[in-house]
Structures are given as structure tokens and as C-alpha cells.
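Participant: sequence first, then the predicted structure:
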Amino acid sequence: MSMAGMIPPTDEFDADNDVILTNKFYLNMHAKVNNHLDFSGRLAAYKVYGDSSGVKFNQGNLGDVTMDGNTSSLPHGDTIRLERAYFVYSNYLKNIPVSFSLGRRPSTYGPPLEYANYSLEAGSPLGTIINWQFDGASLNFGLEEATGIYGAALKFCYGVGFEGDWGNSYSLQESQADVDDVHMFGFIATLFDDDSTSAVLNYAHAWDITDGFTGLTVMPFTAAKDPSTGLYSFEQNSGGYISRMQPTSDIGDWDAASLLLRKNLYETFEKDIDLFLALSWSHTSPSRVSANPFYEIMGQGLLSSNGNLESHDGYSLYAGVVFPMPFDGRLGLEYNWGSEYWFNFTGAEDSLVGSKLATRGSVYEGYYIQPIFGQNFFVKVGSRYYDYKYTGSGNPLGAPEKISELNALNALFPVADKVWDGYISATIRF
């Protein structure tokens, strides 16, 4: 008898949310202390109409857990959050401008996401590999005069993605091993930038990625392991109860790099047309299987299952064009694709579906921006189509499974196949 015939198939159904209304609020802060010292900060609130819990149903990606990395970027209730707070000290090292910064980083909505946001204010890392709130430091060197290359600069970045002791209950569990802090280091190199053409390279490395982050979510079911027998038990979360999550183990290291190329075609066509292309790579090096019973029973580690701890490379392409339209309007067309083992840290991307730049598959997007009073008041209308090819987009745990061949034994979470997302927004800046 074939085992394949005994494996139950997955249930397929459509899920619709006809209308969801949200309010988003930012309060920017800036203070110039003297010619060398500046402070910048931003408070944020993001609320769904009729909901203040801010806790989502877990469908298997980082954006489904309310945690430190996304509290200001995804709907989180009626609370005010500290998204950014950092100082910058600037001076010269001979003829080289140098700046040092420390605090809660401007690490969300980085290039090239400012086109769709109709704003020149972007985060520091490229949004293709990191769109995630974290605390840390940076050291930047302006190299244009020293090298003779327009806009040349080199920034070194450091961040802490997870604190392994404070706020967690490991000291209460005698059998629970310590979970190390998650540290990240990288650099951002501006290779060329003359205001019409630019090339930027971003590289990042993270040590000791954990099998989760401390936060709140609604799990589809709970799993427990009896230490005396080694047996697992499962209970469906039919009441939609909120669970407090915390990591149970370090599962490996992560590397990523992204090259962003941008060009404005005004000098060629006398039209304000913007083009961009980002090519990205990720690499995962798993070290162990997760100790969380929810994942341990499947032998899941960093992009691995059944105890097969193999390193993998992932790839991504992100391209877009923005056209000028009548009455100062802007028409944007974007496409992004991610391979089977593509993984980035973009769980703070503002999307009610899930980070499009974490998608293992393709996403098509078109939008139209119509200014009413310049960038102070504008309306945006757009739509996205997600065509997922593999499971686990945006999730570091478990080997990706081809959705067309999915069965009930390799789908712990609900799996989205194809999604249409239409939106309209009105933005006021003052």
C-alpha cells in the first residue's frame, strides 16, 4: 500500500475581508543641539477601526507576532510606540566627514520603498533585506572628496534583535538552556550617487538567530511535550486565546546582501521617470533543531525540516518604475520575486497580508498617487497580487514546501496560495 495515498490532503477555501479601516499616526521629533550633535525620534500609533488588541492570528510569518521588531509598523491597537530615538554626532577626520549614531534605529521603510510612500524620508538599511525595528549603533564615513566618486560613503551598522535574558522566563525553567542574544552587524556602501543615478550595496550578518521572538500572538493550536515520556500533545485553540511567545533555542546564522540600482530619466526624456532594480541574496546556516514542541516534532530548524540541517542560498529580484501623470500624479508599477529558500527580515513591512518582499513566489503591484496639496496631502490607490509558490514566506523555521504539492503533514500553519489586496489611503503631513 502506498503511504502517499494515506496522507490526508489539505482543505482549501477562500477567505475574504471586504473592508478593513485603519488609522496611522506619526509624530516626528528633531533637535539640533549644536553644530556637531543632533537628535531625531518618531512616535507611532497604528490602529484598526474597532480593535485595540493589536494581536494577530498566527499564519506562520514574523509579522503575525506583536513584538519589538514590528510594534510601530503593523496595527497594534491604540497605544503610542517609540519607533525611533537616536542621536548623531558629526565631525571631520582630516577631510573625511564622520558621524556616529546610537539609539533606536531608523531601520524601517528603507530604499527603495520611499517611491511608494511618496516621501524622501527613508530608513537606513535597504528595505529589500531589512525592514525591522531594532536598537543599535552606526558609524558613517563620507568618502566623496577622498575618492572623487559622487556620493561615495561607507556606513558600518550594529544592532540587537533580541535580548536573551531580560523579560523572559528562562530562569524559572531548570531544564531550559540559555538563549543567546541576537546580534547583527553589516555595512551600507554607497558606490555612486549623483542625484540621478545611484548604486548602493548593503550586507548584513546575524548570529544565533532564535526560533522566535518574545511577543504576543494567537496560535492555531498549542503543543506540549511530556519530559518524562517524550510524548507530544496538541490542543486546538478554538477560543482564540492570546499566547505569550518566547524563543526556546538558537537555530543558526544568517547572511544577506542587496544591490540597489536607481536611475532618474529626466535628463534623457525630460520626464521625471524613476527606475529601480534590486538584486538580493540570503544564506542560512542552521545549527540545531528548535526545542519548541510546536516545531521539534517536525524536526524544524533554520529553513530545514526532519532534522536535515543544511545550509541554503536564497535569491530575490525587486524592480519598479514610476511615471509622471497629469496634475502632478505618479503611477507606479512594481514586481518582486523570491526563490524557494529566500529569507529576509522584513516583518515590519506595512502590509495586512504579509511582507511582499519576503514572498517566496511573485508579487505584482500597481498604484496611483494624486497630490492634493503637494506631499502635504495626497491620495493613493493601489492593488497587489501575491502568487506564492512555497510555504513559509517570512518565516525562518522549516523547509519550504511547494504549495502545489502540499499535504496535511507539512502544513503546520494556514498557507496562503494567491491573494488580492486592494487599498486606498489619504495622507496628511504637517
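Facilitator: Structure's in. What do you need? Note that the coordinates shown come from a computational prediction; the quantities given were computed from them, not determined experimentally.
Participant: wait, is G366 part of a strand?
Facilitator: Yes. Assessed by DSSP: H, G, I helix; E, B strand; the rest coil, G366 belongs to a strand.
Participant: distance of it relative to L317?
Facilitator: 17 Å (Cβ to Cβ, to the nearest Å). Every C-beta, even on glycine, is put in place using the N, C-alpha and C of the backbone.
Participant: ok, now which ones touch D250?
Facilitator: Applying Cβ atoms under 8 Å, 6 or more residues apart in numbering to D250 gives the contacts V179, D180, D208, I209, T210, D211, S287, R288.
Participant: pLDDT value on the first one, please?
Facilitator: To tie it back to what came earlier, the one meant is V179. Listed pLDDT for V179 reads 85.
Participant: run a quick neighbour tally on the residue lying closest to it once chain neighbours are set aside.
Facilitator: Leaving out its chain neighbours, the residue that sits closest to V179 by Cβ to Cβ, 6 or more residues apart in numbering is G164, at 4.6 Å. Per other Cβ atoms under 10 Å, the neighbour tally for G164 reads 19.
Participant: what helix or strand is G164 on?
Facilitator: Using DSSP states H and E, G164 sits within no helix or strand.
Participant: same check, this time on A116
Facilitator: Counting by DSSP H and E, the element that carries A116 is helix 114-117.
Participant: quick check: which helices or strands does that helix pack against?
Facilitator: strand 312-325, strand 329-338 (3 or more Cβ pairs under 8 Å, 6 or more residues apart in numbering; DSSP states H and E).
Participant: what does that helix rub up against?
Facilitator: Outside helix 114-117, the residues that touch it by Cβ under 8 Å, 6+ apart are 109, 120-122, 274, 276, 320, 322, 332, 334, 365, 367, 382.
Participant: closest to M245 out of those residues?
Facilitator: Nearest to M245 among these, counting by Cβ to Cβ, is Y109 at 25.2 Å.
Participant: checking my notes, that closest one in a strand, right?
Facilitator: No. Assigned with three-state DSSP, Y109 falls outside any strand and is coil.
Participant: how near is it to Q236?
Facilitator: For Y109, the distance to Q236 - Cβ to Cβ - is 37 Å.
Participant: one more: V179?
Facilitator: 28 Å.
Participant: comparing these two, which residue is more hemmed in?
Facilitator: Legend: neighbour count by other Cβ under 10 Å for V179 and Q236, higher for V179 (23 against 9).
Participant: pretty sure that one sits against W166.
Facilitator: No. Contact criterion Cβ atoms under 8 Å: V179 and W166 do not qualify, at 11.9 Å.
Participant: where exactly do the helices run in this structure?
Facilitator: 114-117, 144-147, 266-269, 293-296 (DSSP state H).
Participant: who wins for proximity to L37 among the ones you listed?
Facilitator: Here helix 144-147 is closest among these (Cβ to Cβ), at 22.6 Å.
Participant: pull out the buried residues from the closest one.
Facilitator: E144 (16 or more other Cβ atoms under 10 Å).
Participant: now it: mean pLDDT?
Facilitator: 94.
Participant: for that helix, packing partners?
Facilitator: Against helix 144-147 (3+ Cβ pairs under 8 Å, 6+ apart) you get no helix or strand.
Participant: return the most buried member of the helices of the chain.
Facilitator: helix 293-296 (a mean of 20; mean count of other Cβ atoms under 10 Å).
Participant: may I have that helix as CSV, with CA atoms only?
Facilitator: This file holds the C-alpha atoms of helix 293-296, laid out as CSV (Å, rounded to 0.1, in the frame of the first residue of the first chain):
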residue,chain,number,x,y,z
PRO,A,293,7.5,21.3,20.8
PHE,A,294,5.5,23.0,18.1
TYR,A,295,8.5,22.8,15.7
GLU,A,296,10.5,20.0,17.3
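Participant: use 311 as the first number for this chain going forward.
Facilitator: Fine by me, first position is 311 from now on; the one you just mentioned is helix 603-606.
Participant: all strands of the stretch 311-460 of the chain, in order?
Facilitator: Here the stretch 311-460 of the chain has its strands, by DSSP state E, counting those that start in this stretch, at 332-342, 347-358, 376-377, 387-403, 406-414, 445-452.
Participant: quick one: which of those is nearest R554?
Facilitator: Across the strands of the stretch 311-460 of the chain, the minimum distance to R554, taken as Cβ to Cβ, is reached by strand 376-377, at 10.3 Å.
Participant: can you list contacts of that closest one?
Facilitator: By Cβ under 8 Å, 6+ apart, the list of residues contacting strand 376-377 from outside reads G364, V365, K366, L384, H386, F523, T524, G525, L526, T527, M555.
Participant: wait, the first one sits on H386?
Facilitator: Yes. With contact taken as Cβ under 8 Å, G364 and H386 are classed as touching, separated by 3.7 Å.
Participant: can you pick out the residue with more neighbours from those two?
Facilitator: H386 (24 against 18).
Participant: quick one: the more buried one and Q443, what's the gap?
Facilitator: Taking Cβ to Cβ as the measure, H386 falls 12 Å from Q443.
Participant: the closest residue in space to Q610 that isn't next to it in sequence: how many residues sit nearby?
Facilitator: Nearest non-adjacent residue to Q610, counting by Cβ to Cβ, 6+ apart: G708, 4.3 Å away. For G708, the neighbour count with other Cβ under 10 Å is 24.
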